[in-house]
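Student: I'll drop the sequence and a predicted model, then ask my questions.
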Amino acid sequence: MLAFSPFHGRRVTVRARAKVNLGLEVLGRRADGYHELRSLMWAIELADRVTIESGHPDISLACATADVPRTPDNLAWKAAGLVREATRAPGGLRIEIDKRIPVAAGLGGGSADAAAVLAGVGRLPGWQLGIRRRTALAVAIGMDVPFFLGQSPALARGRGETVRGIATGTSLALVLANPGFPLATREVYGRLEPSDYGDGTRVDALLRALRRGVEAVAAAVTNGLERPAARLWPGLADVKAALREAGCLATLMSGSGPTVVGIAPSHRTALRIRDRLAARPWRLWVTRTVTGPVLTVRDARASRARSGGRP
């Protein structure tokens, strides 16, 4: 479920949270050329803000972050185009992205923004879609997108498009370290070898660990893409070791990288770990996992009403 305001209007703002993969196994290559996956995905507090406004003659996208495309190649733009085609909505949309999630970092920022558009346009007259159609469009855009339309944490299967929410009372404090360069997902998968494939038992063990708290989760995290990523980026081991030495209970790469996630014993400890690593040439964040809806959608008029009319 999404956290919706009860109001409708011409403009909505969506908080689009990033994700981390705390468990990821590649089970093998499928006949269609994709890989069969089993992954535990968890939303985190780090988030983009996506504002969508109808009443424009065409689709456009604005973002102050230099490496975010402002063309139909952007997944958020693609989502808007697919919805317009499906609904035959007149006119277009203006999409504005306040980018906080790093680009090409294994944190799902582009997919989160696309999901934000799919969810947000449902609050705009003439742009509404049924749940099944919206989910089908999410799969067409990218395999991570369905997760962002649902609940966190969740188990993803298939190519990543089959998603089931997982109940847990565990909350994790995380330190994220991003080296500042992209790892192309296609290249990482291209470096997979048969010995890198798993059988799903590691992710199953992680799911059981969710019932036993932070230390059990830290002992069970896994990512089957780390070895192929290390063949492209030997520095992965150094980042992981630095986070462990600074006080993290466990470390792993998120998704296809290159962001490395460190699990800390507490939020206070996570802040100390970040400070200890401040001299490193990486971007660092302290964040927490989020349980519940991945996206939060708010109508702009409702937000103004709650603030007494202030901009």
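Tutor: Right, received. Where do you want to start?

Student: quick one: residue 10 and residue 36, what's the gap?
Tutor: Distance of residue 10 to residue 36, computed by CB to CB, to the nearest Å: 42 Å. C-beta: built from backbone N, CA, C; applies to glycine.

Student: now swap in residue 150 and tell me
Tutor: Plainly put, residue 150 is 20 Å away from residue 36 if you go by CB to CB.

Student: now residue 194
Tutor: 14 Å.

Student: can you confirm residue 170 is in a helix?
Tutor: No. Counting by DSSP: H, G, I helix; E, B strand; the rest coil, one finds residue 170 to be coil, located in no helix.

Student: thought it was touching residue 215?
Tutor: No. Contact between residue 170 and residue 215 fails when scored by CB atoms under 8 Å: they sit 10.3 Å apart.

Student: Show me the helices in the stretch 51-200 of the chain, by range?
Tutor: In the stretch 51-200 of the chain, the helices defined using DSSP state H, counting those that start in this stretch lie at 75-87, 109-120, 131-141, 145-148, 185-190.

Student: Mind checking these for the one nearest to residue 278?
Tutor: helix 109-120 (23.4 Å; CB to CB).

Student: So which residues make contact with that closest one?
Tutor: 2, 12-14, 16-19, 47-48, 50, 52, 74-76, 78-80, 83, 93, 95, 97, 99, 101-103, 129, 134, 137-138, 141-142, 144-145, 147-149, 294-295, 297 (CB atoms under 8 Å, 6 or more residues apart in numbering).

Student: Out of these, which end up buried?
Tutor: Buried members of the contacts of helix 109-120, scored by 16 or more other CB atoms under 10 Å, are 2, 12-14, 16-19, 47-48, 50, 52, 74-76, 78-80, 83, 93, 95, 97, 99, 101-102, 129, 134, 137-138, 141-142, 144-145, 147-149, 294-295, 297.

Student: out of residue 150 and residue 36, which sits in the busier spot?
Tutor: The neighbour count for residue 150 versus residue 36, taken as other CB atoms under 10 Å, is higher for residue 150 (21 against 16).

Student: Chain neighbours aside, what residue packs nearest to that one?
Tutor: residue 163 (5.6 Å; CB to CB, 6 or more residues apart in numbering).

Student: can you pull the contacts of residue 97?
Tutor: 48-51, 61-63, 65, 68, 76, 113.

Student: give me that answer again for 7 Å
Tutor: By CB atoms under 7 Å, 6 or more residues apart in numbering, residue 97 lies in contact with 48, 50, 63, 68, 76, 113.

Student: Make sure the third one is actually in contact with residue 71.
Tutor: No. Under the criterion of CB atoms under 7 Å, residue 63 makes no contact with residue 71, lying 11.2 Å away.

Student: So which of these two has more stuff around it?
Tutor: Neighbour totals were compared for residue 63 and residue 71, and residue 63 leads with 19 against 8 (other CB under 10 Å).

Student: quick one: the more buried one and residue 296, what's the gap?
Tutor: From residue 63 over to residue 296 (counting by CB to CB), the distance is 20 Å.

Student: what about the stretch 151-300 of the chain, any weak spots by pLDDT?
Tutor: Scanning the stretch 151-300 of the chain for pLDDT under 70 picks out the ranges 300.

Student: For it, just list every one of the strands.
Tutor: With DSSP state E, counting those that start in this stretch, the ranges of strands along the stretch 151-300 of the chain come out as 151-152, 154-158, 162-165, 173-178, 222-223, 250-253, 260-264, 283-290, 292-293, 295-299.

Student: counting contacts, what elements does the second one pack onto?
Tutor: Secondary structure elements in contact with strand 154-158, counted by 3 or more CB pairs under 7 Å, 6 or more residues apart in numbering; DSSP states H and E, are strand 35-56, strand 162-165.

Student: what's the most buried one of those strands?
Tutor: Mean neighbours per residue, mean count of other CB atoms under 10 Å, is largest over the helices and strands packed on strand 154-158 for strand 35-56, with a mean of 22.

Student: same for that strand, what does it pack against?
Tutor: Using 3+ CB pairs under 7 Å, 6+ apart, strand 35-56 sits against strand 11-29, strand 92-98, helix 109-120, strand 154-158, helix 201-209, strand 283-290.

Student: how far does the third one sit from the chain's center?
Tutor: It refers to helix 109-120. Average the C-alpha atoms of helix 109-120, do the same for its chain, and the two points are 10 Å apart (CA atoms, centre = their mean, to the nearest Å).

Student: and what of the fifth one?
Tutor: Mean C-alpha position of helix 201-209 versus that of the full chain (CA atoms, centre = their mean) differs by 21 Å.

Student: elements contacting it?
Tutor: Packing partners of helix 201-209 (3+ CB pairs under 7 Å, 6+ apart): strand 11-29, strand 35-56, helix 214-220.

Student: so that helix versus strand 35-56, what angle?
Tutor: Put simply, helix 201-209 runs at 70 degrees to strand 35-56, going by axes from the mean of the first three to the mean of the last three CA atoms, to 10 degrees.
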